[in-house]
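Chemist: fold the following.
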Amino acid sequence: MKILCVSDQIDPLVYSNSVKERFSDIDCVLCAGDLPLEYIEFIVSSLNVPTYFVFGNHNLNEFHHYHKVAIDSAGVYGYSSDYYGPGAVYVGFKTISIPTANKKNPLLLAGISGSIRYNKGLAQYTNFEMNLKLFKLIPKLIFNKIRYGRYLDIFLTHSPPRHIHDKEDPCHKGFTGFRWFLEKFKPRYMLHGHIHLYDLQTSRSTNYCDTQIINVFSHYVLEIPEGTF
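Modeler: Numbering: from 1, shown residues only. This is a model prediction of the structure:
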């Protein structure tokens, strides 16, 4: 199974007329935040494969369509339950199953939007607030364990865990709760964005417990060997 992962910037290798040929063997797309929904819509219409996304801490004009907020940046209250969106599935603070070639064994995905709180903007959370959101995923994860023998395959977030791929400035610190989440539920992969990779020598991948943590900044192709799950 091949997964195209995108995050944080519009990549000219993806946003091009040749995207369909370049990524012709992609089975699905995962978007890790800070991307305009128009870009996600382009990917959906070009590749015509299932696409899933979370929000980051930028490009939040449509955030109120998916979450009830007091007021958004455009001065609009509430959210739109009939909002069509970019043709992709929003998985922020949800656990879902993605069909695979083995219909009895789907890919188990959990998504988390947002970053650490640094200026009280939308999609920013304290560590305590994020822990509460993680706790709400637990019933579905237990169901997964009973039905499929594992809690989770992919943990899709915008921010990294604390002290793994993150930085020390207030905006780019990771969430401490992600570490205990990985220790307890042991997804095979954690995919995040938020940390820009300007140096090509910077490592994208770190192993933590039983999880491979990958920074999918710009674009990254994750290939999962057949029979892994």
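Chemist: please name the nearest non-neighbouring residue to Ile142.
Modeler: Of all residues not flanking Ile142 in the chain, Tyr151 sits nearest, at 7.6 Å (C-beta to C-beta, 6 or more residues apart in numbering). C-betas here are computed from N, CA, C, even on glycine.
Chemist: the spatially closest residue to Ser205 that is not a sequence neighbour: how many residues sit nearby?
Modeler: In space, Ser205 comes closest to Ile214 once its chain neighbours are excluded; the distance is 5.0 Å by C-beta to C-beta, 6+ apart. Ile214 is flanked by 21 other residues according to other C-beta atoms under 10 Å.
Chemist: return the set of buried residues in the strand or helix carrying Ile214.
Modeler: Using DSSP states H and E, the element containing Ile214 is strand 211-215. By neighbour count with 16 or more other C-beta atoms under 10 Å, strand 211-215 contains the buried residues 211, 213-215.
Chemist: then stretch 168-177?
Modeler: 172-177.
Chemist: ditto for stretch 127-145
Modeler: 130-131, 133-134, 137, 140-141, 144.
Chemist: need the CA coordinates for that stretch. PDB is fine.
Modeler: Output of stretch 127-145 as PDB, limited to C-alpha atoms (Å, rounded to 0.1, in the frame of the first residue of the first chain):
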ATOM      1  CA  ASN A 127      -1.300  20.000  26.900                       C
ATOM      2  CA  PHE A 128      -4.300  19.400  29.300                       C
ATOM      3  CA  GLU A 129      -6.800  20.100  26.500                       C
ATOM      4  CA  MET A 130      -5.000  17.800  24.200                       C
ATOM      5  CA  ASN A 131      -5.000  15.000  26.700                       C
ATOM      6  CA  LEU A 132      -8.800  15.300  27.100                       C
ATOM      7  CA  LYS A 133      -9.100  14.900  23.300                       C
ATOM      8  CA  LEU A 134      -6.900  11.900  23.300                       C
ATOM      9  CA  PHE A 135      -8.900  10.300  26.100                       C
ATOM     10  CA  LYS A 136     -12.000  10.600  23.900                       C
ATOM     11  CA  LEU A 137     -10.400   8.300  21.300                       C
ATOM     12  CA  ILE A 138      -9.900   5.500  23.800                       C
ATOM     13  CA  PRO A 139     -13.300   3.700  23.500                       C
ATOM     14  CA  LYS A 140     -12.900   3.300  19.700                       C
ATOM     15  CA  LEU A 141      -9.300   2.200  20.100                       C
ATOM     16  CA  ILE A 142     -10.400  -0.500  22.500                       C
ATOM     17  CA  PHE A 143     -13.000  -1.600  20.000                       C
ATOM     18  CA  ASN A 144     -10.200  -1.800  17.400                       C
ATOM     19  CA  LYS A 145      -8.100  -4.000  19.700                       C
END
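Chemist: tell me the mean pLDDT over stretch 106-122?
Modeler: Across stretch 106-122, the average pLDDT comes to 96.
Chemist: could you number the chain from 33 rather than 1 from now on?
Modeler: Okay, using 33 as the starting number, the last item reads as stretch 138-154.
Chemist: now do the end-to-end distance for it.
Modeler: Criterion C-alpha to C-alpha, to the nearest Å; first-to-last residue distance in stretch 138-154 is 32 Å.
Chemist: tell me the buried residues in it?
Modeler: 138-149, 154.
Chemist: pLDDT weak spots in the protein?
Modeler: Scanning the chain with the threshold set as pLDDT under 70 gives 102-116, 232, 261.
Chemist: contacts for the strand holding Ile246 next, please.
Modeler: For strand 243-247, the surrounding residues in contact (C-beta atoms under 8 Å, 6 or more residues apart in numbering) are 37, 187, 192-193, 196-197, 214, 218-225, 227, 229, 236-239, 252, 254.
Chemist: I'm done for today, thanks for sticking with me.
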